[in-house]
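Asks: Provide a 3D model corresponding to the input given below.
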Amino acid sequence: MTYTIKKTVSASSRSLPANEKLGFGQYFTDHIFTVNYTEGEGWHSAEIKPYQNFSLDPGASVFHYGQALFEGLKAFRQKNGRVVLYRPEFNARRIQEGAERLCMAPPPLDLTLQAVRELVQVDERWVPEGKGTSLYIRPTLIGTEAFLGVRPSRTYLYFIMLSPVGAYYGEGAQTVKIWVEDHYLRAAPGGLGAVKAGANYAGSLKAAFEAKKKGYAQVLWLDTAREGIEEVGTMNVFFVFKNEIVTPALNGSILPGGTRDCVIQLLKAWNLPLSERRLTMTEVVSAHKSGELLEVFGTGTAAVISPVGELAHRNEKYVINNAQVGPLSSRLLQEITGIQYGEKPDNMGWIEPV
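Replies: Below is the predicted model:
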């Protein structure tokens, strides 16, 4: 289905930041997409308009009961100048699944995909050129009905904003140091860990803040028993052992990440020994001591592949692969980014022209 999206072009354009100043999420483009939902009426008033502030009632559901959900995907300018989206349908479907968990009205799949394409077309000049850069796309769904009482909102705002970005971590392609968190929890079974709810990220800030004060880039999250490994920072995580590659199995408290899915597809295509199962810190420490732990890396839309060079756990530090980027981390990064930037053929069907 094709939707009618009203377009109002900005009368003035912002200056484009230099690639070396991009960082992550510091700049926003000229336009934003919005569409509203009203119970009994459905989705209406779809519009691309100049980037601007919202006006929300102080009683809006998002402020009091946390009805907030978001996604993250990217557009790339390939080496031939063509602008492409990377797996937009994966993210569109995941926001629908998250909306169901938070009792929110899910934006239609066709509308989400059309809105992303048309918004990127309008702000195409913001897609940076150069390896390591991209246009980050942030779809967000919030409850807007003004009321005080614990129930789902009856009105929603779905919006999409764009941000030109560089590397997520200042370390770039180098390894990062990770603090193993055994006090705070990211998520618990039956909770919101498997969806991109804003509440998940609010709950993670304290541990991440304390880890950074200690000199670590992020935290490795454990399960409620403080033993099973779940995620690393805002990413999924993979451990490369001598005879097996392991990523924690999706258990209801782990986000089914898009890059995680890409890595799994590639490892299977390469006939490498992959396991999705429960993995404990006890097993990791034992493998490190025996020399069988070869690599650790996180996977996510923002950083793509983030190699881990050190884990700090209970007053012990475990240096991995001499704090160097491992061969599998490097191969995966080159393969995925090669497809994204048009340097390698897209045999996986992940690229969609804008």
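Asks: distance-wise, check residue 95 relative to residue 151.
Replies: 21 Å (CB to CB, to the nearest Å). From N, CA and C alone the C-beta is placed, and that goes for glycine too.
Asks: helix, strand or coil for the closest residue to residue 64 other than its chain neighbours?
Replies: Distance criterion CB to CB, 6 or more residues apart in numbering; nearest residue to residue 64, sequence neighbours excluded, is residue 148 at 6.7 Å. What DSSP: H, G, I helix; E, B strand; the rest coil gives for residue 148 is coil.
Asks: correct me if wrong: residue 148 contacts residue 65.
Replies: No - the pair residue 148 / residue 65 is not scored as a contact, 9.3 Å apart, by CB atoms under 8 Å.
Asks: pull out the buried positions in the longest helix belonging to the chain.
Replies: The longest helix of the chain (DSSP state H) is helix 198-213. Across helix 198-213, burial judged by 16 or more other CB atoms under 10 Å covers 198, 199, 200, 203, 204, 207, 208, 211.
Asks: mind putting these into TSV with distance to residue 164 and pLDDT?
Replies: Output for these, formatted as TSV (distance: CB to CB, whole Å; pLDDT from 0 to 100):
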residue	distance to residue 164	pLDDT
198	23	96
199	28	95
200	25	94
203	29	94
204	25	96
207	29	97
208	24	96
211	28	97
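Asks: okay, these in TSV with distance to residue 229 next?
Replies: Below are the buried residues of helix 198-213 laid out as TSV (distance: CB to CB, whole Å):
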residue	distance to residue 229
198	24
199	22
200	17
203	18
204	15
207	15
208	17
211	16
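Asks: which of those residues sits closest to residue 176?
Replies: residue 211 (10.8 Å; CB to CB).
Asks: okay, now the closest residue to that closest one other than its chain neighbours: neighbour count?
Replies: Of all residues not flanking residue 211 in the chain, residue 179 sits nearest, at 3.9 Å (CB to CB, 6+ apart). Residues near residue 179, counting by other CB atoms under 10 Å, number 23.
Asks: assign residue 121 to helix, strand or coil.
Replies: helix.
Asks: just checking, it touches residue 354?
Replies: Yes - using CB under 8 Å, residue 121 is in contact with residue 354, at 5.8 Å.
Asks: more crowded one of the two?
Replies: Looking at residue 121 and residue 354 with other CB under 10 Å, you find the greater number of neighbours at residue 354, namely 18 against 13.
Asks: got the contact list for that one?
Replies: 75, 83, 84, 85, 117, 120, 121, 124 (CB atoms under 8 Å, 6 or more residues apart in numbering).
Asks: which ones among the residues you listed are found in strands?
Replies: Residues of the contacts of residue 354 located in strands (DSSP state E): 75, 83, 84, 85.
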